[in-house]
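A.B. asks: structure for this input, please:
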Amino acid sequence: MKKGKFITIDGVEGAGKSTQIDFICEYLKAKGIQVVLTREPGGTKVGEKIRELLLSNSTGDMHADTELMLMFAARNEHIQNKIMPALEQGDWVLSDRFTDSSYAYQGGGRGLDINRISQLESWVMQDFTPDMTLLLDVPVEIGMSRVESRGKKDRIEMEKMDFFDRVRQAYIARSKEFPDRIKLIDSSKTIEHTTEQIATVLDTL
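C.D. replies: Numbering: from 1, shown residues only. Predicted coordinates for the structure are as follows:
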């Protein structure tokens, strides 16, 4: 059986991932592809419990190293118990966020040493990597205005603008470092404009 493809979608808050995830799933299904949709942190029973801890406002302050290790603990469960089994049976997997978000949020946003993140990545993922990452890019002011319109914000969404500026710059740096995998998508304009860009790059898989 042919192994499935692993696609991740990432970006700053308010980049429009949720809307585009629906499009991607339908686009691939129309091509006869079975898609498993998942998310990070989360995706498994253990991962969802960690997600609640990470994102709940009731959690309060958390050391940046603790946040990073919890992210990778959830990721290990995710890879071992959901992503890899689905790929092995020939399904395609679409994940809302993946390891690039750790480099952006904990590396760029929190200022953690990239080498430490890389060590965790090597330990948890070994040589496993997405086939394609769709990085939705939007100016932080636009993204956060979209977040504000949604109502209540989670623990990470409560961070200040300069935090998200650092996150965005870290994402852009990642896209330049891995241009074959990470496809930078301008999501600052209309939904249709973003959708057209995504469809074009998906057709290259």
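A.B. asks: in the protein, which ranges drop under the pLDDT threshold?
C.D. replies: The chain contains residues with pLDDT under 70 at 1.
A.B. asks: can you show me the strands along it?
C.D. replies: 6-11, 35-39, 92-96, 132-137, 182-186 (DSSP state E).
A.B. asks: out of the ones you listed, which comes closest to S102?
C.D. replies: Among the strands of the chain, strand 6-11 comes nearest to S102, with 10.3 Å by Cβ to Cβ. (Glycine included, C-beta is placed from N, CA and C.)
A.B. asks: nearest to T59, of the strands of the chain?
C.D. replies: Among the strands of the chain, strand 35-39 sits nearest to T59 (Cβ to Cβ), with 18.4 Å.
A.B. asks: out of the strands of the chain, deepest packed?
C.D. replies: strand 6-11 (a mean of 24; mean count of other Cβ atoms under 10 Å).
A.B. asks: what are the buried residues along the helix ranked longest in the chain?
C.D. replies: In the chain, taking DSSP state H as the definition, the longest helix is helix 161-177. By 16 or more other Cβ atoms under 10 Å, the buried positions in helix 161-177 come out as 163-168, 170-172, 174-175.
A.B. asks: ok, and the closest non-adjacent residue to the most centrally placed residue in the chain?
C.D. replies: Most central in the chain under Cα atoms, centre = their mean is R97, positioned 1.4 Å from the mean C-alpha point. Distance criterion Cβ to Cβ, 6 or more residues apart in numbering; nearest residue to R97, sequence neighbours excluded, is E40 at 4.3 Å.
A.B. asks: which ones are touching that neighbour?
C.D. replies: E40 makes contact with 47, 71, 74-75, 78, 95-98, 101, according to Cβ atoms under 8 Å, 6 or more residues apart in numbering.
A.B. asks: export the buried residues of helix 161-177 to TSV and tack on distance to Q89?
C.D. replies: Below are the buried residues of helix 161-177 laid out as TSV (distance: Cβ to Cβ, whole Å):
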residue	distance to Q89
F163	39
F164	38
D165	41
R166	39
V167	34
R168	36
A170	34
Y171	31
I172	35
R174	30
S175	31
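A.B. asks: could you redo the strands of the chain as a markdown table and give each row distance to Y105?
C.D. replies: Output for the strands of the chain, formatted as a markdown table (distance: least, Cβ to Cβ, whole Å):
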| stretch | distance to Y105 |
| --- | --- |
| strand 6-11 | 10 |
| strand 35-39 | 15 |
| strand 92-96 | 14 |
| strand 132-137 | 13 |
| strand 182-186 | 16 |
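A.B. asks: of the ones you listed, which is nearest T195?
C.D. replies: Of the strands of the chain, the one closest to T195 (Cβ to Cβ) turns out to be strand 182-186, at 9.6 Å.
A.B. asks: for the longest helix of the chain, which helices and strands make contact with it?
C.D. replies: strand 132-137, helix 140-150, strand 182-186 (3 or more Cβ pairs under 8 Å, 6 or more residues apart in numbering; DSSP states H and E).
A.B. asks: in the sheet, who's paired with S95?
C.D. replies: Beta-bridge partners of S95, counted by DSSP bridges, are T8, T38.
A.B. asks: right, and it touches P41 too?
C.D. replies: No. S95 is not in contact with P41 according to Cβ atoms under 8 Å; the separation is 10.8 Å.
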